[in-house]
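Chemist: Here is a sequence with its predicted model. Questions after.
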Amino acid sequence: MINVLFVCHGNICRSPMAEFVFRDMVKKRGLGDAFHIASAATSTEEIGNPVHHGTRNKLKQYGIGVDGKYAIQLSKKDYEKYDYLIGMDQRNIINMKRILNSDPQNKIFRFLDITNSPRDIADPWYTGDFDRTYDDVVEGCEALLKHIEENKKENIK
């Protein structure tokens, strides 16, 4: 089992979008049983709140639902639970390392750093541009799955 945790500031826009896009992607490729995929926040501001309507509406366009998802916070115990801890922007990475204390196994990375165009994923909470966020998330998910397939073949069945 490969355990993936997507992380953003509030866990209502970017990280749940990545969680559900990646979950849909691996399911469509017949790999759903090989993964545990989740998302979390670095802050406590949105804990317990549902996915933002902009993310929910954008994913609905692609037949992807987010029912039952409520914001949770990243915790120190998540470091041992997950193989990949993926932040949406550099500020998330800083806060993740603060919460987790360190990264001795190099599990933490910025999502789009594994693409051909490393950059932050802009927060649609501020930009209002859920289309751009979705495109960035899909790009990151495709790169992540390719990376995992190339580096963890023995864990994907």
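Modeler: Here it is on my side, so go on.

Chemist: quick one: contacts of stretch 72-79?
Modeler: Residues outside stretch 72-79 that contact it (CB atoms under 8 Å, 6 or more residues apart in numbering): 5, 7, 11, 40-44, 47, 85, 96, 99-101, 103, 107. (Glycine included, C-beta is placed from N, CA and C.)

Chemist: Kindly report the same for stretch 91-111.
Modeler: 6-9, 18, 42-43, 74-76, 78-79, 82-90, 118, 120-121, 136-137, 140, 144.

Chemist: what mean pLDDT would you report for it?
Modeler: For stretch 91-111, mean pLDDT is 96.

Chemist: Endpoints of it, how far apart?
Modeler: 12 Å (CA to CA, to the nearest Å).

Chemist: Pull out the buried positions in that stretch.
Modeler: N92, I93, N95, M96, I99, L100, K107, I108, F109, R110, F111 (16 or more other CB atoms under 10 Å).

Chemist: and if you look at stretch 58-78?
Modeler: Under the neighbour-count criterion of 16+ other CB under 10 Å, stretch 58-78 has K58, L59, I64, V66, K69, A71, I72, Q73, L74, D78 buried.

Chemist: Inside strands: which ones of the contacts of stretch 91-111?
Modeler: Mapping the contacts of stretch 91-111 onto strands (DSSP state E) picks out F6, V7, C8, Y84, L85, I86, G87.

Chemist: Below-threshold pLDDT in the chain: ranges please.
Modeler: Per-residue confidence for the chain (pLDDT under 70) gives these ranges: 152-157.

Chemist: Helices along that one, start to end?
Modeler: 14-28, 53-60, 78-81, 90-100, 124-127, 130-151 (DSSP state H).

Chemist: Tabulate those (JSON lines), appending distance to M1.
Modeler: Conversion of those to JSON lines gives the following (distance: least, CB to CB, whole Å):
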{"stretch": "helix 14-28", "distance to M1": "12"}
{"stretch": "helix 53-60", "distance to M1": "24"}
{"stretch": "helix 78-81", "distance to M1": "11"}
{"stretch": "helix 90-100", "distance to M1": "20"}
{"stretch": "helix 124-127", "distance to M1": "31"}
{"stretch": "helix 130-151", "distance to M1": "12"}
